[in-house]
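Chemist: Sharing a model that was predicted from the sequence below.
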Amino acid sequence: MENYHLSQTPDGWELKKAGAVRASKRASTKQELVGLLADFFDGKTGSVKIHKADGTIEEERTYPRSTDPRRSKG
């Protein structure tokens, strides 16, 4: 399973694979980028850590949902 981070940049928000230099997706708002996640992960498995503007982790999502650990609250 690939790990991604959704975080704020000076130009907006980006989804970046852990360890990557370039962003996989970009958007002007966090809400817009979160709305693109399901389509981006269609046919893929991955985990996304969604950060707040201050850099702390707000939540973590797993795609597809069926790959969530059984004891996950989410």
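Modeler: Cool, got the structure. Numbers count the residues shown, from 1 in each chain.
Chemist: Tell me where the model's unsure across this protein.
Modeler: Filtered on pLDDT under 70, the chain yields the residue ranges 66-74.
Chemist: what about the residue most central in space within it, helix or strand, and which?
Modeler: In the chain, the centroid-proximal residue (CA atoms, centre = their mean) is V48; its distance is 3.4 Å. Following DSSP states H and E, one finds V48 within strand 46-51.
Chemist: Okay, now the sheet partners of that strand, with direction.
Modeler: Within its sheet, strand 46-51 is paired with strand 2-9 (parallel), strand 57-63 (antiparallel), according to DSSP bridges.
Chemist: Show me which of those strands has the highest average neighbour count.
Modeler: With neighbours defined as mean count of other CB atoms under 10 Å, the strands paired with strand 46-51 peak in mean count at strand 2-9, which reaches a mean of 17. To be clear about C-beta, it is placed using only N, CA and C from the backbone, and glycine gets the same treatment.
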